[in-house]
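# here you go, sequence then predicted model.
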Amino acid sequence: MSGPTFEDNYDETYSHAGNVESGYASGSSSDASLPEVYFSKPHLKFLNQQLQRLSPQEILQWSLITLPGLYQTTAFGLSGLVTVDMLSKLNGPTKSNVDLIFLDTLHHFKETLNLVDRVKKRYPHVNLHVYKPADVDSADDFTAKYGAELWKTNEDLYDWVAKVEPAQRAYAELQVRAVLTGRRRSQGGKRGDLDIIEIDEKGLIKINPLANWSFSEVQTYINENNVPFNELLDRGYKSVGDWHSTQPVKDSEDERAGRWKGQQKTECGIHNKPSRYAQFLMAQEQKRQQEELSKALEKVSIEA
């Protein structure tokens, strides 16, 4: 008789789970030293209406004043680079340095990795936290562990191990409560109705300071402020992700049309609701951690 399938385990884990209420937010960290942040739905709607009228710099200043545990997640796209530069130039009594979190999937273009080094030199005051897939350090390691072209053979698993799990690990280890993202409405796809403030299923607060900006506005800022950018943008790329799922785009296409071209997919999993597989893996990891904790406590009790 065969063992339980993924679907069996998934149904057992989630059959009694309800949807998480995203109208309220609290930090994703359990560290009591950081204050919790709560937004009721009416308050969140009001804030989005007010922030909608502000410039990106003003939104950034509001975020610095309001949100503890604030970081910036970035793949060093144009919008993220604009945010880094704006933060470096904010004046005032509030802290303007925001640490960066970069998810190195081990499948970035060499031009992207070169850009990371250039950004570190241009903004030496910025702390950069790099997170890779667990227990691997190179593309060869990744292939040895998961097989060739995992993004083709199991897309959900690839998103989980290369992006979602490293992001969750970063948020937990760094006690992240809120993140600045580079997402904009003009990028098309699911981003067309983006709010300034969003709250995900885990209570993570996402701030999109450039949500109102067009691609041309971003380009103008980059050029006028001499901000370093990815060389691939001069070769027809507008949005750059992993080399295996990114292509140049035509002038008539959406900015992110070159990402996962020919597929229904428009996001990598970090900004999507977790897939069934990702939810199952999260539950299994939580179960493993709980079992390890129980064993450790039992050992301490025996030794005592």
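Done, it's in.
# what's the span of stretch 200-210 from first residue to last?
Start-to-end span of stretch 200-210 (Cα to Cα, to the nearest Å) is 19 Å.
# show me how far that stretch is from its chain's centre.
Put simply, stretch 200-210 sits 9 Å off its chain's centre (Cα atoms, centre = their mean, to the nearest Å).
# buried residues in that stretch?
D200, G203, L204, I205, K206, I207, N208, P209, L210 (16 or more other Cβ atoms under 10 Å). C-beta coordinates here come from the backbone N, C-alpha and C atoms, glycine included.
# what residue ranges in the chain score low on pLDDT?
The model of the chain has pLDDT under 70 over residues 1-33, 188-192, 250-289, 304.
# strands of that one, start to end?
For the chain, the strands defined by DSSP state E cover 70-73, 100-103, 128-131, 178-180, 197-199, 205-207.
# direction included, what does the first one pair up with?
The reference is to strand 70-73. Sheet pairing for strand 70-73, assigned by DSSP bridges, gives strand 100-103 (parallel), strand 178-180 (parallel).
# name the surrounding residues that touch the last one.
Contacts of strand 178-180 with the rest of the structure, by Cβ atoms under 8 Å, 6 or more residues apart in numbering, involve 37, 60, 63, 67-73, 83, 98, 101, 204-209.
# at 6 Å what do you get?
For strand 178-180, contacts defined as Cβ atoms under 6 Å, 6 or more residues apart in numbering pick out L67, L70, Y71, Q72, T73, T83, I205, K206, I207.
# distance to V240 added to those, as JSON lines?
Listed next are the contacts of strand 178-180 as JSON lines, based on distance: Cβ to Cβ, whole Å:
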{"residue": "L67", "distance to V240": "28"}
{"residue": "L70", "distance to V240": "25"}
{"residue": "Y71", "distance to V240": "21"}
{"residue": "Q72", "distance to V240": "17"}
{"residue": "T73", "distance to V240": "15"}
{"residue": "T83", "distance to V240": "16"}
{"residue": "I205", "distance to V240": "26"}
{"residue": "K206", "distance to V240": "20"}
{"residue": "I207", "distance to V240": "22"}
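# most widely separated two among these?
T83 and I205 (15.6 Å; Cβ to Cβ).
# relative to D195, how far out is the spatially closest residue to G69 that is not a sequence neighbour?
Nearest residue to G69 in three dimensions, chain neighbours excluded: R177, at 3.1 Å (Cβ to Cβ, 6 or more residues apart in numbering). R177 sits 18 Å away from D195, taking Cβ to Cβ, to the nearest Å as the criterion.
# same question for I101.
In terms of Cβ to Cβ, I101 sits 21 Å off from D195.
# ok, these two, which is more surrounded?
Taking other Cβ atoms under 10 Å, I101 and D195 do not tie; I101 has more neighbours (22 against 18).
# before we move on, back to that, nearest to E224 among the contacts of strand 178-180?
For those, the nearest to E224 is T83 (15.4 Å; Cβ to Cβ).
# got a list of what the closest one touches?
Shown in contact with T83 (Cβ under 6 Å, 6+ apart): L180.
# from what I can see the residue nearest to G69 touches S63, true?
No. Between R177 and S63 there is no contact under Cβ atoms under 6 Å: 11.1 Å.
# now render the buried residues of stretch 200-210 as a markdown table, adding distance to R183.
A markdown table is the format used below for these (distance: Cβ to Cβ, whole Å):
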| residue | distance to R183 |
| --- | --- |
| D200 | 13 |
| G203 | 19 |
| L204 | 14 |
| I205 | 14 |
| K206 | 8 |
| I207 | 10 |
| N208 | 5 |
| P209 | 10 |
| L210 | 8 |
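# show me which pair in the residues you listed is furthest apart.
Greatest spacing in the buried residues of stretch 200-210, by Cβ to Cβ: G203 and L210 (23.2 Å).
# ok, what's across the strand from the closest residue to I205 other than its chain neighbours?
Using Cβ to Cβ, 6+ apart and skipping residues adjacent in sequence, the residue nearest I205 is A178, 3.8 Å away. Applying DSSP bridges to A178 yields these beta-bridge partners: L70, I205.
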